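Visitor: Let me see the structure of the following:
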Amino acid sequence: MSSLLIEVVDDAIVIRDPSTDFAVTYSRGLERGVLVADNSLRHDPSRAELDFLVAAWKAAYAEAKALGWLCRYK
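Guide: The predicted structure follows:
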């Protein structure tokens, strides 16, 4: 998979794959430590979309962690 583009807009992280035009937005949940994906997951995704979503989740999680959006639970 090509390099993903990561953009932080207000309380959202937008992940895009420029080679496929796939995109997903993860918003900060009401509770600290939660990322909520937009409704792009509400259909039956293709294998390529699933691969993108896995990579996008990892990228969004890393970005949210770097921004201090995620808290640690003990």
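
Visitor: Please pull out the lowest mean pLDDT helix or strand from the chain.
Guide: Using mean pLDDT, DSSP states H and E, the weakest-scoring helix or strand in the chain turns out to be strand 35-37, at a mean of 87.

Visitor: Tell me the confidence at Tyr61?
Guide: Residue-level confidence at Tyr61 comes out at 92, pLDDT.

Visitor: May I have the phi/psi pair for it?
Guide: For Tyr61, the backbone dihedrals (degrees, to the nearest 10) come out as phi -60, psi -50.

Visitor: wouldn't it be in contact with Leu35 here?
Guide: Yes: with contact defined as Cβ atoms under 8 Å, Tyr61 and Leu35 form a contacting pair (6.9 Å). C-beta: built from backbone N, CA, C; applies to glycine.

Visitor: what number of residues lie near Ala62?
Guide: 13 (other Cβ atoms under 10 Å).
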